[in-house]
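>>> My questions concern the predicted model and sequence given below.
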Amino acid sequence: MRKQKLLISAIAGLAVCVGSAAVAQAVITGTGLTVSSTKTKQLKKQHGPIDLSITTENFETPPTPTGQTPSVTSVDFDKDIKFSPGKLGQCTQAQLQATTSETARARCPTALVGTGVAKSCSALAGCDAVEHQLDVSAFNGAPEGGDNILFLHVKGVGAIAALPAIIVKGRLINSPLAGQGYGKRLVIPDQPDTGSTGNHLITFALNNPVLKNGVKKKVKGPKNPSTGKRKIKKVPQYFVMAKCSDKQWKFRVETTFRAGGGTHAGTTTVPCKQKAAKKKGK
């Protein structure tokens, strides 16, 4: 009887240990994406100006290992959406270092292409225990290797306002998922590891307004018999433009986490409405 009691106690103790280990080894459960625009009515074949509000979210059930922080995040955009910095100003990483959000925006006012907010929370106890807010500013940078560059300036507010700003470089490349209907991909590699702080990035939101970046000259019609010249049409250009070829835009996010957190992806769609093209005059 004594041996049986000892065996039962040993099994119970093992169950407690296994249960504790399972809690300690909880991992990231997924990544999500929310996208919206107020300019969803567009021509079928011609790009027009749009705004974009993009929010990425990392899902986890605390306690999560503190080392499982986001390492690389990529956002794929529908093939109907294009980005063009045009004549926008360009900001450098050096200009953004050791600045507040207000100072950064004052230093590069013509390069500012978006603003937003982010949230980080305790990996062990979740947002109910510890939650920090951060300001986000996105700046156009000088192209590299034919790719458009964005610098993301992230600055804590409130209890973490004294911490220095984090500057992250993003690159707009051709999406490797072009065969699935995507056009451009914003890839943000080498995200800072916040594991030592015990906090994880939970949400990251960026709003890109309708932003004019110049005009594009288009030759239109035959040559004038009198002058030998052709009519030139000036078409306004914008940082983000879109057309509506199949009545919806699709988006995809993929994030790789450190320390065994794995790679997770999520998708979403935004319906767009085709507006009638202007009829050509006779």
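Thanks, I have the structure now.
>>> Quick check: longest strand in this structure by residues?
Taking DSSP state E as the criterion, the chain has its longest strand at strand 126-144.
>>> Please work out which residues outside whatever helix or strand comes next after that strand touch it.
Per DSSP states H and E, strand 126-144 leads on to strand 147-156 as the next helix or strand towards the C-terminus. Residues outside strand 147-156 that contact it (CB atoms under 8 Å, 6 or more residues apart in numbering) are 83, 85, 91-93, 96, 99-101, 104, 113, 118, 132-143, 161-163, 165-173, 186, 188, 206. Where you see a C-beta, it was placed from the backbone N, CA and C, and this is true even at glycine.
>>> if we can go back for a sec, quick check: angle from the longest strand of the chain to strand 147-156?
150 degrees (axes from the mean of the first three to the mean of the last three CA atoms, to 10 degrees).
>>> Tell me the strands beside strand 126-144, with direction?
Here strand 126-144 is paired, per DSSP bridges, with strand 112-122 (antiparallel), strand 147-156 (antiparallel).
>>> Including mean pLDDT, could those strands go into a markdown table?
Formatted as a markdown table, those follow (pLDDT from 0 to 100):
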| stretch | mean pLDDT |
| --- | --- |
| strand 112-122 | 98 |
| strand 147-156 | 98 |
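>>> now for those, which one comes closest to P65?
Proximity to P65 (CB to CB) singles out strand 112-122 among those, at 12.4 Å.
>>> which residues sit against the closest one?
Against strand 112-122 from outside (CB under 8 Å, 6+ apart): 62, 85, 88, 105, 127, 129-140, 150, 154, 194, 198-209, 211, 239.
>>> What segments of the stretch 101-250 of the chain are strands?
112-122, 126-144, 147-156, 166-174, 182-188, 199-208, 212-223, 230-238, 240-242, 248-257 (DSSP state E, counting those that start in this stretch).
>>> mean pLDDT for the ones you listed: which is lowest?
Mean pLDDT is lowest for strand 212-223 among the strands of the stretch 101-250 of the chain, at a mean of 71.
>>> Contacts only, for the closest residue to F151 other than its chain neighbours.
Of all residues not flanking F151 in the chain, F139 sits nearest, at 4.6 Å (CB to CB, 6 or more residues apart in numbering). Neighbouring residues of F139 by CB under 8 Å, 6+ apart: C91, L96, A104, C108, A111, L112, V113, L150, F151, L152, H153.
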